[in-house]
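> what's the 3D shape of this:
(one chain, ligands or ions: 1)
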Amino acid sequence: MRKLLNTLCLAAFVWGTAPAMAGENEVMLYKNPQCGCCEGHAEHLRQNGFKVTEQATHNLAQMSSEAGIPEEFQGCHLAFVDGYVVSGHVPASTVRKLLTERPDIKGVTLPGMPTGSPGMPGPKEGPLEVLEITKSGTVGGVYARE
Ligand SMILES: [Cu+2]
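Take a look at the predicted model:
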């Protein structure tokens, strides 16, 4: 059976016609109407193969709270990707890691707007620490360092 699965995977890879798993590449991104760096981040995700839909809202903080992200850990925009919540300027590689590993968490957040993170101007001041959001809406530790 395992051999068969491997063969199927290989075939899909070679033909390139296998549909992506539902929603895997689709990002729904909510942002404040005036936020330019949020658009920069959306663009970063697009350049890395995601299909991003942007939606302006004045209720971002409330939406983020409802999505389970504690107030002091909220990023400057909020995205939903294939069942996970992604808050702030999280690098596309971390989003991929999330979708590949599929941990049993609610999602991840990069609080604030660190300079040099994807979509943000300026020099990067050390690694970005992307935090886990647990299913009960608490911060669970560092999910990725980029
Ligand atoms: Cu921002």
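> what does this structure put close to the ion?
With Cβ under 5 Å from the ion as the criterion, the chain meets the ion at residues 37, 76, 113. No exception for glycine: its C-beta is placed from N, CA and C like everyone else's.
> Among those, which ones are in helices?
residue 37 (DSSP state H).
> By neighbours, which of the residues of the chain next to the ion wins?
Counting neighbours by other Cβ atoms under 10 Å, the top entry in the residues of the chain next to the ion is residue 76, with 21 neighbours.
> residues touching the residue nearest to that one when sequence neighbours are not counted, list them.
With sequence-adjacent residues excluded and distances taken as Cβ to Cβ, 6 or more residues apart in numbering, residue 76 is closest to residue 113, at 5.2 Å. Listed by Cβ atoms under 8 Å, 6 or more residues apart in numbering, the contact partners of residue 113 are 37, 75-76, 88-89, 120.
> related to what we said a few turns ago, now pLDDT too, for the residues of the chain next to the ion, in JSON lines please.
Compiled in JSON lines, these are given as follows (pLDDT from 0 to 100):
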{"residue": "37", "pLDDT": "96"}
{"residue": "76", "pLDDT": "94"}
{"residue": "113", "pLDDT": "92"}
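> just the residues of the chain next to the ion now: which is nearest residue 55?
For the residues of the chain next to the ion, the residue nearest residue 55 by Cβ to Cβ is residue 76; the value is 14.6 Å.
> Run a quick neighbour tally on residue 107.
A count of nearby residues for residue 107, using other Cβ under 10 Å, gives 26.
> so what's it up against?
If a contact means Cβ under 8 Å, 6+ apart, then residue 107 has 67-69, 84-87, 98, 133 as its contacts.
> Bridging across strands, which residues link to it?
residue 85, residue 133 (DSSP bridges).
> thinking again about what came up before, could I get the contacts of residue 107 as TSV with pLDDT and neighbour count?
Putting the contacts of residue 107 into TSV (pLDDT from 0 to 100; neighbours: other Cβ atoms under 10 Å) gives the following:
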residue	pLDDT	neighbour count
67	96	20
68	96	18
69	97	28
84	97	17
85	98	21
86	98	28
87	98	27
98	98	24
133	98	24
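> so where is this protein shaky, pLDDT-wise?
Applying pLDDT under 70 to the chain flags residues 1-22.
> could you pull out the strands for it?
With strands called from DSSP state E, the chain shows them at 26-31, 51-56, 77-81, 84-88, 107-110, 129-133, 139-145.
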